[in-house]
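Participant: sequence-free structure coming up:
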């Protein structure tokens with residue numbers, strides 16, 4: 001996926017179980033960011049995530065705590081790749097994204113917060 005959507009950095013794509021394990025092992029060292037819209041967020045999200053909808057990403061990302069590398073997710077994985085590009089273009093540290101998005105998370109039987 002090198003260079004996808006114009007990014008010069010390679011994006012790490014986590015599977016749902018990998019992301020769960022990674023977040024548990026990192027113990028809060030990374031910030032999980034949901035880039036879905038408000039109505040999608042209200043239907044359920046990954047516990048511990050913060051919301052920064054892609055439609056207003058630049059403003060939303062500026063509101064997030066600074067200093068932690070970011071991991072993005074969306075519904076299916078496309079918007080989180082775009083968020084990766086936008087964040088890296090702004091010089092923010094990004095670890096990767098959840099391949100398949102919250103759909104893959106749910107499909108793996110992992111918990112959803114309301």
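Facilitator: Right, received. Where do you want to start? Please read all numbers here as calculations on a predicted model, not as lab measurements.

Participant: now residue 75, what's its secondary structure?
Facilitator: Using DSSP: H, G, I helix; E, B strand; the rest coil, the structure places residue 75 in coil.

Participant: got a list of what it touches?
Facilitator: Applying CB atoms under 8 Å, 6 or more residues apart in numbering to residue 75 gives the contacts 36, 40, 101-103. C-betas here are computed from N, CA, C, even on glycine.

Participant: In PyMOL, how would I select the buried members of the residues you listed?
Facilitator: Here is the PyMOL command that selects the buried residues among those (16 or more other CB atoms under 10 Å):
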select buried, resi 36+40+101+102
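
Participant: So which of the contacts of residue 75 belong to helices?
Facilitator: Of the contacts of residue 75, the ones assigned to helices by DSSP state H are 40, 101-103.

Participant: Of the contacts of residue 75, just say which sits nearest to residue 94.
Facilitator: For the contacts of residue 75, the closest approach to residue 94 (CB to CB) belongs to residue 101, at 16.0 Å.

Participant: Was I right to think that closest one contacts residue 72?
Facilitator: No - counting by CB atoms under 8 Å, residue 101 stays clear of residue 72, with 9.3 Å between them.
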